[in-house]
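J.: Need a 3D model of the following:
(one chain, ligands or ions: 1)
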Amino acid sequence: MKPPIEGGRGLSTRLRTAKGRTTASQKWLERQLNDPYVRAAKAAGWRSRAAFKILELDEKYKLFRPNQRVVDLGAAPGGWTQVAVQRVGDSGKVVGLDLLPMDEIPGATLLQGDFQDDAVEQAVLEALDGPADLVLSDMAPNTTGHNATDHLRILGLIELALDFAGKVLTPGGAFVAKAFQGGTERELLNRMKRDFASVKHAKPPASRKGSAEMYVVAQGFRGEGFRG
Ligand SMILES: C[S@@+](CC[C@H](N)C(=O)[O-])C[C@H]1O[C@@H](n2cnc3c(N)ncnc32)[C@H](O)[C@@H]1O
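T.: Got it, this is the predicted structure:
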């Protein structure tokens, strides 16, 4: 997918005054104001610019089909869930989960809680009401600034999301998770390669160039998965 066309004059905006703002928040605000994806998301009614990341991954890997059951882990504010609802259509099912509350998205079941909590996992399974075709995770743990700790936390989250995917996916299903530069650890990657026919790392154009963020896309689930 081509980057969205810039709206307006296409000129970059510089804020005239930084009064009351820290340098970091000033930079963030300028980046938001000058980001074509932010503008395009607003124009298209997506709740986040992140919506473009899953649209671009879908364009490349053909993730969505009508009628699918989709779980979106770490869904707030809801861009990916909106895209999933649109793509699976009325006969599909989309369950979005986040620690944070989310405004309603017609066509989706939204749950609030920690994905690592057994009761929350159970609630997702109940809402899904059948095997999933696609498990999405855009979850990111809070960073501590300590690189080794952050790296371990991210890997831990992907591993747990993968455990969950192993429980709910239908054979042939797919799993997409946010990873970071360097992709996933060898052991985790080997596990994914064992469980899925194809495992790829991708950085969609909408993922900011300077960020270490990337995604792992695993397709063709080989396991038995969901047992009802
Ligand atoms: C980058 S945002 C997701 C953006 C979303 N894909 C969109 O398109 O709007 C990551 C989300 O993961 C959530 N998250 C992180 N850890 C979580 C956990 N353990 N359980 C549930 N949600 C979690 C955060 O609250 C945050 O809202």
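J.: going forward, measure contacts and count neighbours with C-alpha atoms only.
T.: Will do.
J.: Longest helix in the protein, please.
T.: helix 147-168 (DSSP state H).
J.: Skipping adjacent residues, who's closest to the residue nearest to the spatial centre of the chain in space?
T.: The centroid of the chain falls nearest to Asp138 when counting by C-alpha atoms, centre = their mean (2.8 Å). Once flanking residues are discounted, Asp138 sits nearest to Lys178: 5.0 Å by C-alpha to C-alpha, 6 or more residues apart in numbering.
J.: the helices in the chain, which residues?
T.: 23-34, 36-44, 51-61, 79-88, 118-128, 147-168, 186-195.
J.: now the second one against helix 79-88, angle please.
T.: Angle between the axes of helix 36-44 and helix 79-88 is 50 degrees (criterion: axes from the mean of the first three to the mean of the last three C-alpha atoms, to 10 degrees).
J.: if you look at helix 36-44, does any of it touch the ligand?
T.: No: Helix 36-44 stays clear of the ligand (C-alpha under 6 Å from any ligand atom), getting no nearer than 10.4 Å.
J.: just to revisit the earlier point, thought the residue nearest to the centre of the chain was touching Ala75?
T.: Yes: counting by C-alpha atoms under 8 Å, Ala75 is a contact partner of Asp138 at 7.0 Å.
J.: what does this protein put close to the ligand?
T.: 48, 50-51, 74-80, 97-100, 113-116, 138-141.
J.: go with 5 Å
T.: Neighbours of the ligand within the chain, by C-alpha under 5 Å from any ligand atom: 48, 50-51, 74-80, 98-99, 114-115, 138-140.
J.: For those residues, which PyMOL command selects only the ones that are buried?
T.: One line in PyMOL is enough to select the buried ones among the residues of the chain next to the ligand; burial here means 16 or more other C-alpha atoms under 10 Å:
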select buried, resi 48+50+51+74+75+76+77+78+79+80+98+114+115+138+139+140
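J.: What about the residues of the chain next to the ligand, which are in strands?
T.: Asp98 (DSSP state E).
J.: Any idea how many residues pack against the residue nearest to Asp138?
T.: 23 (other C-alpha atoms under 10 Å).
J.: between the worst-scoring helix or strand of the chain on mean pLDDT and helix 36-44, how big is the angle?
T.: Across the helices and strands of the chain, mean confidence by mean pLDDT, DSSP states H and E is lowest for helix 23-34: a mean of 72. Angle, helix 23-34 to helix 36-44, by the same axes, to 10 degrees: 60 degrees.
J.: what helices or strands is helix 23-34 leaning on?
T.: For helix 23-34, there is no helix or strand it packs on, judged by 3 or more C-alpha pairs under 8 Å, 6 or more residues apart in numbering; DSSP states H and E.
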